[in-house]
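Peer 1: the following comprises the amino acid sequence and a computationally predicted model.
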Amino acid sequence: MAKVVAIHMSDQRGVIKDPVQTAEIVEGWGLKGDAHGGDWDRQVSIFPVEALEKVPEDMKEEVENGGYTENITISGLPLEDFPVGTKLRIHDAEFEIYHIGKEVFKTHDRHYIVSREGRFGKVIKSGLISVGDQVEIIK
């Protein structure tokens, strides 16, 4: 069973995000109070911890200790089950994935793997989410 292992947000872009236990997810916006929210197709970032297996051995420590750059960290969902177009439900909220990674890859800290394997998308249904919530693929 896939679940939320961490939630992070920040009121500024380009900085390490702060941990929260619960977040309000707003349809058409993203995480309430997060700087990446807005009317665009990268309202929320979701990172599957399974992607850490793709980090080169010489970068693992830097990536794992670099601070969280994603909004929602999940575990238990194989990468191949999580392509563009996937719709997810976390507690009351629903998301649609529009991108895997970013246009330009980052080369340092956690940005390294999130820029390659992070899932980015829109909120399609508002709700509250909390650390420990189950993550479901909507068929």
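Peer 2: Perfect, thanks for sending it.
Peer 1: longest helix of this structure?
Peer 2: helix 111-117 (DSSP state H).
Peer 1: tell me the mean pLDDT over it?
Peer 2: Taken as a whole, helix 111-117 has a mean pLDDT of 91.
Peer 1: any residues touching it, and which ones?
Peer 2: For helix 111-117, the external contacting residues (CB atoms under 8 Å, 6 or more residues apart in numbering) are 45, 47-48, 51-52, 54-55, 59, 62-63, 66, 69-70, 79, 100-102, 104-106. From N, CA and C alone the C-beta is placed, and that goes for glycine too.
Peer 1: and with 7 Å instead?
Peer 2: 45, 47, 51-52, 54-55, 59, 63, 69-70, 100-102, 105-106 (CB atoms under 7 Å, 6 or more residues apart in numbering).
Peer 1: name whatever forms a beta bridge with residue 30.
Peer 2: Using DSSP bridges, the bridge partners assigned to residue 30 are residue 26.
Peer 1: does it touch residue 36 like I think?
Peer 2: Yes - when contacts are counted by CB atoms under 7 Å, residue 30 is listed as touching residue 36 (5.9 Å).
Peer 1: so for the two, which residue has more residues nearby?
Peer 2: residue 30 (26 against 19; other CB atoms under 10 Å).
Peer 1: if you average pLDDT per helix and strand, which one of this structure comes out bottom?
Peer 2: helix 60-64 (a mean of 88; mean pLDDT, DSSP states H and E).
Peer 1: any buried residues in the helix or strand just after it, and which?
Peer 2: Per DSSP states H and E, the first helix or strand lying C-terminal to helix 60-64 is strand 72-75. Residues of strand 72-75 classed as buried: 72-74 (neighbour count, 16 or more other CB atoms under 10 Å).
Peer 1: how far is strand 72-75 from where the chain is centred?
Peer 2: 6 Å (CA atoms, centre = their mean, to the nearest Å).
Peer 1: just checking, next helix/strand downstream of that strand?
Peer 2: Using DSSP H and E, the helix or strand that follows strand 72-75 in sequence is strand 87-90.
Peer 1: so who does the residue lying farthest from the centre of the chain touch?
Peer 2: Most distant residue from the mean C-alpha position of the chain: residue 58, 23.8 Å away (CA atoms, centre = their mean). For residue 58, no residue meets the contact criterion (CB under 7 Å, 6+ apart).
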